[in-house]
Each structure stands twice: as C-alpha cells, then as structure tokens.
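**Student:** pasting the structure only:
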C-alpha cells in the first residue's frame, strides 16, 4: 500500500493513543524533537472522541525522523505508541475521485489568484502603453532635432559671415 502513495516525510502517524490523550498532550509529547506545525486527532462522528490515532506535522523533516525513531514503541498514558510516516489522505469516491472537501472550499483562493492575475495583466498593459508613449516621444524629439539641424545648415549656407565663423571654429578645434 505504501508503494501506491508517496510518503509525507514531515507528518507522522501516531497510533495506539489512550482515550485521555488529546491534541495538547500529543503536542507536548512530541515538541522535544523540534518545531511542530500541526497536531490532529480525528474524531469519531458517533462518539466525538478521537479514534486512537493522530497526526503530528513537524516544520522540518529531520525533526520528524528523530521523533519517529524515539517515539515508535514508546509508552504514553500506559499505551504503546506506533509512530510511522503518514500517508497522504486517500481520495474518496472510486473512479470519479471526489475529495473530502466541498467544491467551494478553494473558491476564495481561486478568486484571489484571478484578481492577482488580472491586476498583473493591467499593470503589464499600462507599462506597455507607457513604453510606447515614451518611444513615440523620443522619436518625435529626435525628428525635431534633425529638422533643427537641417534648418541650421540652411541658414549657415545663406550667411557668408556664419560660414566663416564655423570654419574658424573648426580650425581652432
């Protein structure tokens, strides 16, 4: 069975829990091995008590490995614990594969992603328009400068005194 599902290296399955053990006690038992991200003890729907097992998720894989090595076979509230790497939740529903979450559970994040994507497209369009406007302004400025140079050359050719001054400046350079 483990071959079919990838193992979650930072989440541990903890089996054999006594009735008295709750999430706080489970957290306290595993905290010496490293920072804990989450502790879950799934409840039995009929009795509203945990089902004698739980999951401990560590922030670091190395901490989870140390906890598994030290806590597998250990005793907690008079019961021997079984500690292994947890398998991911199985998808229920046979071939159709419907998940345990309602379809709208991901709606908020989907809308956020859509809004972010639309905002990025709007910003990119604004940037593109600004770049095109800047390029057009640059082209106009360059054209005006070239036209101004032509006018200067035309004036220079018509005025013999200006031509003499230009030649004197070239000789001094």
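**Tutor:** Structure's in. What do you need? Only a predicted model underlies this, so the values are computations on that prediction, with no experimental measurement involved.

**Student:** Who are the packing partners of the top helix by length along the chain?
**Tutor:** When the chain is scanned for its longest helix (criterion: DSSP state H), the result is helix 107-158. When contacts are defined as 3 or more Cβ pairs under 8 Å, 6 or more residues apart in numbering; DSSP states H and E, helix 107-158 packs onto helix 160-172. (C-beta placed from N, C-alpha, C; glycine too.)

**Student:** how far off helix 107-158 does the helix it packs on point, in degrees?
**Tutor:** Between helix 160-172 and helix 107-158, the angle comes out at 110 degrees (axes from the mean of the first three to the mean of the last three Cα atoms, to 10 degrees).

**Student:** Now residue 50: closest residue in space, sequence neighbours ignored.
**Tutor:** residue 41 (3.9 Å; Cβ to Cβ, 6 or more residues apart in numbering).

**Student:** Just confirm the one you found contacts residue 27, I think it does.
**Tutor:** No. Residue 41 is beyond contact range of residue 27, at 10.3 Å (criterion: Cβ atoms under 8 Å).

**Student:** circling back to that earlier point, the residue nearest to residue 50 - how many residues pack around it?
**Tutor:** 19 (other Cβ atoms under 10 Å).

**Student:** likewise the one 10 residues further on?
**Tutor:** For residue 51, the tally of surrounding residues (other Cβ under 10 Å) stands at 13.

**Student:** so what's it up against?
**Tutor:** 41, 42, 43, 44 (Cβ atoms under 8 Å, 6 or more residues apart in numbering).

**Student:** Show me which of those is closest to residue 74.
**Tutor:** Distance to residue 74, by Cβ to Cβ, is smallest for residue 41 among the contacts of residue 51, at 17.2 Å.
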